[in-house]
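*Asks:* For reference, the sequence and a predicted model appear below.
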Amino acid sequence: MANDENHNALGYPKLACKSPVPSDIEVSQQIVKEVGLLPISEVGAQVGLTDDEVIPWGIAKAKVSLAARERRKDQPDGNYVVVTGINPTPLGEGKSTTTIGLAQGLGAILGKKTVACIRQPSQGPTFGIKGGAAGGGYAQVVPMEEFNLHLTGDIHAVTAANNLLAAALESRMFHEESQTDEALFRRLCPDGKDFPVVMKKRLVKLGIDPSKKPSELTDSEKSAFARLNIDPSTITWQRVLDTCDRHLRRVTVGEGEKETVKSKEKDGERVQHNRQTGFDITVASEVMAVLALSRNLADMREKLGSMVVGYSRNGTPVTADDLGCGGALAVLMKDAIMPTLMQTVERTPVLVHAGPFANIATGNSSVVADEIALKLVGEDGYCVTEAGFGADIGMEKFFNIKCRYSGLKPKAAVIVATVRALKMHGGGPPVSAGKPLQKEYTEENVELLEKGCCNLQKHIENAKKFGVNVVVAVNKFKTDTEKEIETVKKAAMDAGAFNAVLSNHWAEGGAGAADLAKAVDAACKSCDNDAFKFLYDLDKSIKEKVEIISREIYGADGVDFSDVAKKQIEQYEKSGFGNLPICIAKTQYSFSCNPAAKGVPRGHRITVREIRSCAGAGFLYPICGDIMTIPGLPTRPGFYDVDVDLETGDVIGLF
């Protein structure tokens, strides 16, 4: 369909943007109530989804069957575009907003089949500092309340699965401590019951014939089967919840009156069976990473069962399948493997799936969502997917982990920058929540901006190392001057960007991103897919891979590994995990481990304090500097402003 005075390229009424732009939630509610949502089946029909491939989940969203991909497996993929950004600042860069705005520009304005693929937001930042992740202004997913709160329950499923495994681990250690091998085996394998599938997996691992019945095992086989003999000091599996709660970073479990066992060292005296552990935020769970990287239900089942929770006292990895709950985890996650379909304010389709943070996890939406989108849009269409936080974290993991496992090759990377955020990277004064911005950010200051453009230029250089065309989106703010905008554009082009364009999607929707959409279209058409490459080969050592990322992407002088990390590296390489890709957890605010070091820090080193194994998901997880795997809440969290209108039932104050 062609654009006319009253309709966009999709044939729907053109977006009527208000000025000044209302709050994000007001825009969303105005679209829902005054314009109306497109029936979710019609949203899917735009890109060829059939009724049996769309599973309604309420009025505004639906699950998409993986059959949508399988039925189109012979269809050429569309153009694959990743949206990333400079190192984030409290001033905001608008990366999610740009992802949605670009999709609206390509779809509603240029008339190209387009699907945006984004992550489900965690309730941690939603009620903390950052707020939701639906985009903003006239470039957002609607209804934003449903997007930001619960959605279709995938994060809750991840929480349930993760914590079931934690409970299985704790319980197994407790029972092994208080029972003989014979008693353990008798309770695990009651008379008259054959081995279930998950137990047969353990038999195979132990080299025992899985066709045997429990009664046919020798005494030594029964002992090997029943006793995992987990070394508590090697356990890396933690409980999770989807809330920012600093007080759960370190906790002691097993303090109840009934959690006691007879001591082997104290002549049978009953002692507390406790240990120190902690919580992570749900989106840092390996279960979430498995969801993001799985190709189908069978692949997810295999990955979940292969997750390593710790090691036995003889150095053997102990997995979820060893604990007997790999199948149960898959049951909890079976609906979560399907992406959720929603729509933008201009009725273009969005697939929402998975939600790993980029600073403490893989930072990208799911492989299956991108694969489905690429098949649905076809050869001339676009899948616009977002990588979390700055390009040094989210984009690097997108290329080196996600694309490595999916086999997909992106044609362009869009790096989002704002004038005022670059001023902060140039040495601008700190920004405090609730206080007016200082004049450096509201008045023209080209000198400060020029100093900060080094951050953008380093990200462009990094992206080009992977062989993709780079388009810089200068996300417009009302205080930007023409001279400042041209300064950013010139800096981007000097660093080798394919193009650099101003985009005003927040205020104007897809029309404000039309130039960006055209630039991305041109970048994809001129892309040489054979030029795409990874930063490192998997056969390099764990230390070498961490050092390559640190030197090439972060600009570090080197890496310092703690004694704990060195011991873990030795253990992982001995266990056969040395050929996995690397997912570094570090601050998102800087190329260095110091969040206050803006611009492009020089002379810094990356400190690796520990390395966790995510063998099921398929990567190793070095934790660097002071990064925490569960955030805390500020003095005034965002939840103060969130409430419900008791007359209408509308959510208010969400941002």
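*Replies:* Cool, got the structure. Numbers count the residues shown, from 1 in each chain.
*Asks:* remind me which residues of the stretch 501-650 of the chain are low pLDDT?
*Replies:* By pLDDT under 70, the stretch 501-650 of the chain has no low-scoring segment.
*Asks:* Just the strands from the stretch 401-550 of the chain, written as ranges.
*Replies:* 412-417, 469-475, 499-503 (DSSP state E, counting those that start in this stretch).
*Asks:* Run through who's touching the last one.
*Replies:* Translated: strand 499-503. 98, 101-102, 471-476, 485, 488-489, 492-493, 512-513, 515-516, 519, 522-523 (C-beta atoms under 8 Å, 6 or more residues apart in numbering). For every residue, glycine as well, the C-beta is placed using N, CA and C.
*Asks:* Give me the buried subset of the residues you listed.
*Replies:* 98, 101-102, 471-476, 485, 488-489, 492, 512-513, 515-516, 519, 523 (16 or more other C-beta atoms under 10 Å).
*Asks:* From the residues you listed, which land in helices?
*Replies:* Counted as lying in helices by DSSP state H, out of the buried ones among the contacts of strand 499-503, are 98, 101-102, 485, 488-489, 492, 515-516, 519, 523.
*Asks:* Taking the residues you listed, tell me the two that lie furthest apart.
*Replies:* Within those, 485 and 523 form the most distant pair, 19.6 Å apart (C-beta to C-beta).
*Asks:* mind listing what residue 30 touches?
*Replies:* 18, 22.
*Asks:* and it, that one's in a helix?
*Replies:* Yes: under DSSP: H, G, I helix; E, B strand; the rest coil, residue 30 sits within a helix.
*Asks:* And it, how close does it get to residue 643?
*Replies:* Using C-beta to C-beta, to the nearest Å, one gets 19 Å for the distance from residue 30 to residue 643.
*Asks:* Can you get me the start-to-end distance on stretch 104-114?
*Replies:* 8 Å (C-alpha to C-alpha, to the nearest Å).
*Asks:* list the buried ones in that stretch?
*Replies:* Buried residues in stretch 104-114, defined by neighbour count with 16+ other C-beta under 10 Å: 104-110, 112-114.
*Asks:* quick one: which of those residues is nearest to residue 65?
*Replies:* Relative to residue 65, the closest of those is residue 113; by C-beta to C-beta it sits at 19.2 Å.
*Asks:* Isn't that closest one up against residue 384?
*Replies:* No: using C-beta atoms under 8 Å, residue 113 is not in contact with residue 384, being 11.5 Å away.
*Asks:* Quick one: mean pLDDT for the helix or strand hosting residue 173?
*Replies:* Assigned by DSSP states H and E, residue 173 belongs to helix 154-178. Mean pLDDT, helix 154-178: 97.
*Asks:* list the helices and strands that helix packs on?
*Replies:* helix 181-188, strand 239-241, strand 260-262, helix 286-293, strand 308-311, helix 326-333 (3 or more C-beta pairs under 8 Å, 6 or more residues apart in numbering; DSSP states H and E).
*Asks:* Give me the angle between the fourth one and helix 326-333.
*Replies:* Angular relation of helix 286-293 and helix 326-333 on a 0 to 180 degree scale: 70 degrees, by axes from the mean of the first three to the mean of the last three C-alpha atoms, to 10 degrees.
*Asks:* residues making contact with helix 286-293?
*Replies:* With C-beta under 8 Å, 6+ apart, helix 286-293 has contacts from 154-155, 158, 161-162, 165, 282, 300, 303-304, 307, 329, 333, 336-337, 353-356, 361-362, 364-367, 401-402, 405, 583, 614, 616-619.
*Asks:* immediately after that helix, which helix or strand?
*Replies:* helix 297-306.
*Asks:* For that next one, buried residues please.
*Replies:* Applying 16+ other C-beta under 10 Å to helix 297-306 flags 299-306 as buried.
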